[in-house]
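Sequence and predicted structure, then a few things I'm wondering about:
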Amino acid sequence: MTTKLRETTNGQRLLDEGRDLLAQGNRTGAAQVLARARDERDTCLAAHTLIEANGLVGSFSNVMGLDCTIAAQDDIFGFFAGHPSSRNPLRDYLADGWRTLSELMVLLEAVDQPILKMSSVLEFASGHGRFTRHLVKAVGAERVVVSDVVQSAVDFSRNTFGVNGFPSASIPEQVEWPARYELVFVLSLFSHLPRSTWSRWLKALYEAVAPGGLLVFSTHGLKAANFDHVTLDEEGYFFAASSESTAIDEQEYGTTFTSEAFVLARIAETVGSDKLIHRMPVHFWNHQDAYVLRKF
């Protein structure tokens with residue numbers, strides 16, 4: 001009886017060779033071989049991890065001046081790695097986090113509360129740190145707190161970036177806020193929520209803001225809906241039980257599109273229209289609308 005052996009890919013051969021060179025203490029040779037393995041789709045993340053962990057020539061950390069470790073469970077990196085338009089998923093992933101920081105800074109400058117002067121920042125629905133690493137470079141780990149419903153994501157950011165963190169919950173009213181924060185930043189959560197929890201999450205997150213602080217969140221607006229050929233209902237809302245996440249139930253975290261009128265109505269009935277101090281359509285990633293609320 002014969003067993004058919006699985007064919008070893010070029011990436012796997014390069015990865016094995018790089019590991020052997022590292023074991024031999026040949027860092028120069030390992031860097032060269034692992035850089036080639038990093039260019040292969042099936043070994044991209046494994047090779048990147050070895051380069052970053054060993055501080056080899058060609059590491060993204062050396063170029064960007066921040067921790068570029070990426071968790072194997074990171075669904076957002078998986079999205080880039082699996083998308084046909086992404087020719088360099090590592091660069092696209094890391095650049096996306098940097099772009100988010102620059103867009104958030106522009107938004108906060110518009111309301112005269114720059115992020116560099118924020119005493120505390122809660123990044124809610126933080127995932128595995130696509131944005132967190134850049135936020136830490138900007139304001140320091142001691143001012144950053146992360147929260148996510150996926151405990152392993154919170155643990156990864158705490159262990160990797162040195163931030164504080166706590167678990168979220170599936171039910172908004174069950175989240176226990178350890179403190180109140182000058183900035184609560186919620187990127188692309190409301191672009192995934194079912195109608196049953198949309199307003200409840202808005203209310204819960206507003207409660208986490210310190211007096212005088214800001215709640216910043218984003219939504220899939222009309223540009224995103226039109227691009228995906230989505231028809232909104234009479235309220236200006238659409239939900240599909242599908243997303244890039246593999247860790248959260250699709251009925252709890254799908255894909256949501258909302259009109260500006262829908263969002264403004266939810267703000268009015270939940271926290272009051274007077275709390276909205278700024279909005280900017282098509283701001284984050286050139287397809288998500290941004291809203292800024294202030295707690296008086």
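Good, I have the coordinates. Residues are numbered from 1 along each chain as shown.

so how far is stretch 131-144 from its chain's centroid?
How far stretch 131-144 lies from its chain's middle: 13 Å, per CA atoms, centre = their mean, to the nearest Å.

Also stretch 175-186?
17 Å.

Residues contacting that stretch, please?
Applying CB atoms under 8 Å, 6 or more residues apart in numbering, the contact partners of stretch 175-186 are 104, 108, 113, 115, 118-125, 145, 147, 164, 166, 168-169, 204-205, 207-218. From N, CA and C alone the C-beta is placed, and that goes for glycine too.

Check stretch 63-78 too.
Counting by CB under 8 Å, 6+ apart, 45, 48-49, 52-53, 59-61, 89-90, 93-94, 96, 98, 127-130, 133-134, 136-137, 152-153, 156, 160-161, 244-247 sit against stretch 63-78.

Could you rerun that using 7 Å?
45, 48, 52, 60-61, 89, 93-94, 127-128, 130, 133-134, 137, 152, 156, 160-161, 244-247 (CB atoms under 7 Å, 6 or more residues apart in numbering).

In ChimeraX, how would I select just the buried ones from the residues you listed?
To isolate the buried members of the contacts of stretch 63-78 in ChimeraX, using 16 or more other CB atoms under 10 Å:
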select :45,48,52,60,61,89,93,94,127,128,130,133,134,137,156,160,161,245
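
if we can go back for a sec, keep only those of the contacts of stretch 175-186 that are in strands.
Counting by DSSP state E, the contacts of stretch 175-186 place 121-124, 145, 147, 164, 166, 209-218 in strands.

Give me the buried entries from the contacts of stretch 175-186.
104, 108, 113, 115, 118, 120-125, 145, 147, 164, 166, 168, 204-205, 207-210, 213-218.

what comes up buried for the helix or strand containing Leu264?
Assessed by DSSP states H and E, Leu264 sits inside helix 260-270. Across helix 260-270, burial judged by 16+ other CB under 10 Å covers Phe262, Val263, Leu264, Ala265, Arg266, Ile267, Thr270.

hey, what's the closest residue to Leu135 other than its chain neighbours bridged with?
Excluding its sequence neighbours, the residue lying closest to Leu135 (CB to CB, 6 or more residues apart in numbering) is Val144, at 5.6 Å. Per DSSP bridges, the residues bridged to Val144 are Val121.

Now do Val144, the pLDDT please.
Looking at Val144, its pLDDT reads 98.

what about it, distance to Phe131?
10 Å (CB to CB, to the nearest Å).

Repeat that for Val139.
The value you get for Val139 to Phe131, if CB to CB is used, is 12 Å.

More neighbours: which of these two?
Phe131 (22 against 19; other CB atoms under 10 Å).

who touches the more buried one in this structure?
Phe131 is in contact with Gly97, Thr100, Leu101, Glu123, Leu187, counting by CB under 7 Å, 6+ apart.

If we use 6 Å, what do you get?
Shown in contact with Phe131 (CB atoms under 6 Å, 6 or more residues apart in numbering): Gly97, Thr100.

thought the residue nearest to Leu135 was touching Val121?
Yes: the pair Val144 and Val121 qualifies as a contact (CB atoms under 6 Å) at a distance of 5.4 Å.

how about low-confidence regions in the stretch 151-296 of the chain?
By pLDDT under 70, the low-scoring segments of the stretch 151-296 of the chain are 243-250.

The same query, at a cut-off of 90, please.
241-253 (pLDDT under 90).

would you list every one of the strands in it?
Secondary structure of the stretch 151-296 of the chain by DSSP state E, counting those that start in this stretch: the strands cover 164-167, 181-186, 209-220, 237-240, 255-258, 276-284, 288-294.
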